[in-house]
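Q: heads up, no residue letters with this:
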């Protein structure tokens, strides 16, 4: 089963933590559970798109007013959500941010 680990923290990257992130990624790779993952660009560069009554409206920035933003993600291939949560707890920003763990269900064949 594949799970997405959505990483939320305060905007900005603490450069002093970069080695911790590299080490964590190597640990996922070494365990053979890493499917993929990427950091995301700054929230200020985002665009939120909505379609209402056939009209498309684009708004610069994120939709929600919040202090934490989605900063990146990992996709891991593990057996249970509990195992995915164990990996989420090891993310370097988990002690001060939050990590949402979501199942990535397979798409039905067409």
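A: Received it, and whenever you're ready, just let me know what you need. Model, not experiment: these values are computed from the prediction.
Q: Low-confidence bits of the protein, can you list those?
A: 12-13, 62-66 (pLDDT under 70).
Q: let's go with 90 and repeat that
A: Within the chain, the ranges that satisfy pLDDT under 90 run 9-18, 39-50, 57-70, 95-97, 105-110.
Q: which secondary structure elements does the lengthiest helix in it contact?
A: When the chain is parsed with DSSP state H, its longest helix is helix 18-31. Helices and strands touching helix 18-31, by 3 or more Cβ pairs under 8 Å, 6 or more residues apart in numbering; DSSP states H and E, are strand 34-39, strand 69-77. For glycine as for every other residue, the C-beta is placed from the backbone atoms N, C-alpha and C.
Q: give me that answer again for 10 Å
A: When contacts are defined as 3 or more Cβ pairs under 10 Å, 6 or more residues apart in numbering; DSSP states H and E, helix 18-31 sits against strand 34-39, strand 69-77, helix 81-89.
Q: quick check: angle from that helix to helix 81-89?
A: 150 degrees (axes from the mean of the first three to the mean of the last three Cα atoms, to 10 degrees).
Q: ok, back up a step: do you know which of the helices and strands packed on helix 18-31 lies nearest residue 96?
A: Proximity to residue 96 (Cβ to Cβ) singles out strand 69-77 among these, at 12.1 Å.
Q: in its sheet, what does that closest one sit against?
A: strand 2-9 (antiparallel), strand 34-39 (antiparallel) (DSSP bridges).
Q: Show me which residues of stretch 100-110 are buried.
A: Buried positions in stretch 100-110, judged by neighbour count with 16 or more other Cβ atoms under 10 Å: residue 101.
Q: Residues contacting it, please?
A: 1-8, 35, 70, 73, 75-77, 81-89 (Cβ atoms under 10 Å, 6 or more residues apart in numbering).
Q: What subset of the residues you listed is buried?
A: 2-8, 70, 73, 75-77, 83-84, 87-88.
Q: Can you name the residues bridging to residue 3?
A: residue 76, residue 103.
Q: hang on, it packs against residue 37?
A: No. Counting by Cβ atoms under 10 Å, residue 3 stays clear of residue 37, with 11.5 Å between them.
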